[in-house]
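Asker: sequence and computational prediction follow.
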Amino acid sequence: MSSSDDSRYEITLYTTERKPLLEGNLRGMVEQGLRSLPGRYPGLKILRHTVHPDRVEMVLDLNRLDEDLARILQSFKSEVKGLAKKEGHTLHTLWQWAYEEKQL
């Protein structure tokens, strides 16, 4: 038997080498990427999030979603990187490949 609590994850995504890249308009792009995630993954709930210069912390609820967490996060990272590229940012890598995950 599963409860809704098994579907909640605390996630931390870090920038490359934990550099303070998520400032100025890049911070806005991260916010935009977060806003669009539930549209791409109906049922996904972002319970809370915080954007720091070197990382994004979020609590996600996947209770009503049959989707892989890694795929959701990769989609988010790709969208933000794509938005940054459109704005003229020349970052070869924006995100660390790995992320921290804790099931709540």
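Answerer: Looks like it arrived, so ask away. Numbering: from 1, shown residues only.
Asker: same for the top helix by length along the chain, what does it pack against?
Answerer: For the chain, the longest helix by residue count, based on DSSP state H, is helix 69-86. Counting contacts by 3 or more C-beta pairs under 8 Å, 6 or more residues apart in numbering; DSSP states H and E, helix 69-86 packs against strand 8-15, helix 25-40, strand 95-103. Bear in mind the C-beta positions are built from the backbone N, C-alpha and C, glycine included.
Asker: from the middle of its chain, how far away would that helix be?
Answerer: Taking C-alpha atoms, centre = their mean, to the nearest Å, one finds helix 69-86 lying 8 Å from the centre of the chain it belongs to.
Asker: then that helix to CSV, C-alphas only?
Answerer: Extracted in CSV, the C-alpha atoms of helix 69-86 (Å, rounded to 0.1, in the frame of the first residue of the first chain):
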residue,chain,number,x,y,z
LEU,A,69,12.0,11.7,-11.9
ALA,A,70,15.2,11.8,-13.8
ARG,A,71,13.4,12.5,-17.0
ILE,A,72,11.4,15.3,-15.4
LEU,A,73,14.6,16.9,-14.1
GLN,A,74,16.5,16.5,-17.4
SER,A,75,13.6,18.1,-19.2
PHE,A,76,13.7,21.1,-16.8
LYS,A,77,17.5,21.5,-17.2
SER,A,78,17.3,21.3,-20.9
GLU,A,79,14.5,23.9,-21.1
VAL,A,80,16.5,26.4,-19.0
LYS,A,81,19.6,25.8,-21.0
GLY,A,82,17.6,26.3,-24.2
LEU,A,83,16.1,29.6,-22.9
ALA,A,84,19.6,30.7,-21.9
LYS,A,85,21.0,29.9,-25.4
LYS,A,86,18.2,31.9,-27.0
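Asker: show me the contact partners of it.
Answerer: 9, 11, 13, 26, 29-30, 32-34, 36-37, 40-41, 44, 60, 62, 91, 94-95, 99, 101 (C-beta atoms under 8 Å, 6 or more residues apart in numbering).
Asker: now do the buried residues in stretch 77-84.
Answerer: Neighbour-count burial for stretch 77-84 flags Lys77, Glu79, Val80, Lys81, Leu83, Ala84 (criterion: 16 or more other C-beta atoms under 10 Å).
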